[in-house]
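Trainee: I would like to see how this sequence folds:
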Amino acid sequence: MEELELYNQKTFEDLKHITEDGVEYWYARELMTALGYSKWGNFIKVINKAKNSMESTDIVLSDHFADVGKIVEAGITSKVINDFMLTRYACYLIVQNGDPRKKMIALGQQYFAIQTRKQELSEKQFNELSEDERRLVLRDDVTGFNKKLFKAAKDCGVENYGRFNNAGYMGLYGGETAADIKKRKKLGKNEDILDNMGSTELAANLFRITQTEERLKKGDIVGQILADKTHFNIGKKVRETMEEISETVPEELPTPEKSIKILKKEKKKLENKAKKIIKK
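Mentor: Numbers count the residues shown, from 1 in each chain. I've put the predicted structure just below:
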């Protein structure tokens with residue numbers, strides 16, 4: 001989480017500008033450097049991809065990507081270079097369409113993978129949650145996004161969902177299938193591996209799920225074999241990112257003592273107890 005908080009601060013808050021009317025915005029060329037791009041020609045391709053993804057909605061492009069010119073010194077003369085004023089949402093789309101091999105892009109994709117939930121909770125509230133509370137939040141998110149992933153997989157022609165699911169796990173866990181993970185965690189027959197992951201491991205799986213869904217939705221991946229391969233490769237990239245940033249891979253993360261089912265039961269008991277106290 002510290003890496004993601006640092007990403008948010010360094011990549012966005014430190015680069016943010018505010019108009020006289022109090023509207024926040026970012027310059028594309030400043031964001032380009034922060035995200036690890038050195039050539040505007042390469043970065044403009046990412047911007048165009050972000051624009052294309054927005055064009056499929058009813059959102060007005062110019063509200064989020066405003067063309068601006070900046071005057072820069074060029075020896076004894078000056079020249080105008082193209083730039084964009086970007087909204088936070090435009091920055092989000094750019095990160096989602098960037099090269100995940102770049103560390104800051106990979107961090108950004110992971111950061112935005114949990115933003116849906118953070119919009120419901122203030123960032124301060126989320127960061128102050130206990131480990132068990134974070135697990136409950138992320139587990140619900142994984143459930144919701146898994147449904148979206150399987151819909152995208154179905155639209156691509158996937159028929160064997162078990163094989164497709166295992167492909168993602170194998171990429172993320174260095175070849176381990178869901179059954180292998182369950183065995184390593186020493187779980188019972190009816191126990192769910194996702195219910196027995198800490199918040200970091202759940203976040204890694206959420207990243208794998210959301211990025212695979214986004215990739216499949218582009219529509220150019222057709223059939224079980226290609227979908228499986230895509231899921232595997234994205235899982236592998238998430239693994240490589242974790243290894244680079246924290247020097248830890250998913251299978252090395254500890255299994256929590258309490259499962260999500262137990263945490264939910266305990267939470268329910270506390271809520272019922274609180275209700276009885278209030279009634280008295």
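Trainee: Residue 101: what secondary structure?
Mentor: coil (DSSP: H, G, I helix; E, B strand; the rest coil).
Trainee: which residues touch it?
Mentor: Residue 101 makes contacts with residue 237, as judged by CB atoms under 8 Å, 6 or more residues apart in numbering. To be clear about C-beta, it is placed using only N, CA and C from the backbone, and glycine gets the same treatment.
Trainee: ok, now which ones touch the residue lying closest to residue 99 once chain neighbours are set aside?
Mentor: Distance criterion CB to CB, 6 or more residues apart in numbering; nearest residue to residue 99, sequence neighbours excluded, is residue 105 at 5.6 Å. The contact partners of residue 105, by CB under 8 Å, 6+ apart, come to 35, 36, 95, 98, 99.
Trainee: ok, these vs residue 198, which is closest?
Mentor: Lowest distance from residue 198 to these (CB to CB) belongs to residue 95, with 25.2 Å.
Trainee: Residue 68: what's it in contact with?
Mentor: 27, 82, 83, 84, 85.
Trainee: hang on, isn't the first one packed against residue 90?
Mentor: Right, residue 27. No: contact between residue 27 and residue 90 fails when scored by CB atoms under 8 Å: they sit 11.2 Å apart.
Trainee: Near residue 169, how many residues? Count them for me, please.
Mentor: Residue 169 is flanked by 23 other residues according to other CB atoms under 10 Å.
Trainee: whoops, I mixed them up, residue 23
Mentor: Quick note: residue 23 (other CB under 10 Å) scores 10 neighbours.
Trainee: Just the pLDDT for it.
Mentor: pLDDT, the model's per-residue confidence, is 80 for residue 23.
Trainee: Need the phi and psi values for it.
Mentor: phi -90, psi 130 (degrees, to the nearest 10).
Trainee: Give me the more crowded residue out of residue 27 and residue 90.
Mentor: Set residue 27 next to residue 90 and count neighbours by other CB under 10 Å: residue 90 wins out with 24 against 16.
Trainee: okay but the more buried one is in contact with residue 65, surely?
Mentor: Yes: counting by CB under 8 Å, residue 90 does reach residue 65; the two are 5.5 Å apart.
Trainee: Now do the shared contacts for those two.
Mentor: Joint contacts of residue 90 and residue 65 (CB under 8 Å, 6+ apart) are 50, 84.
Trainee: what about residue 16, neighbour count?
Mentor: Using other CB under 10 Å: residue 16 sits among 14 other residues.
Trainee: Quick check: the residue nearest to it when sequence neighbours are not counted vs residue 59, distance?
Mentor: Nearest residue to residue 16, sequence neighbours excluded (CB to CB, 6+ apart): residue 24, at 5.4 Å. Distance of residue 24 to residue 59, given as CB to CB, to the nearest Å: 17 Å.
Trainee: Common neighbours of residue 27 and residue 90, please.
Mentor: By CB under 8 Å, 6+ apart, the residues touching both residue 27 and residue 90 are residue 84.
Trainee: on that earlier part again, in CSV: the contacts of residue 68, plus secondary structure and distance to residue 260.
Mentor: Below are these laid out as CSV (DSSP: H, G, I helix; E, B strand; the rest coil; distance: CB to CB, whole Å):
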residue, secondary structure, distance to residue 260
27, strand, 43
82, strand, 49
83, strand, 46
84, strand, 42
85, strand, 43
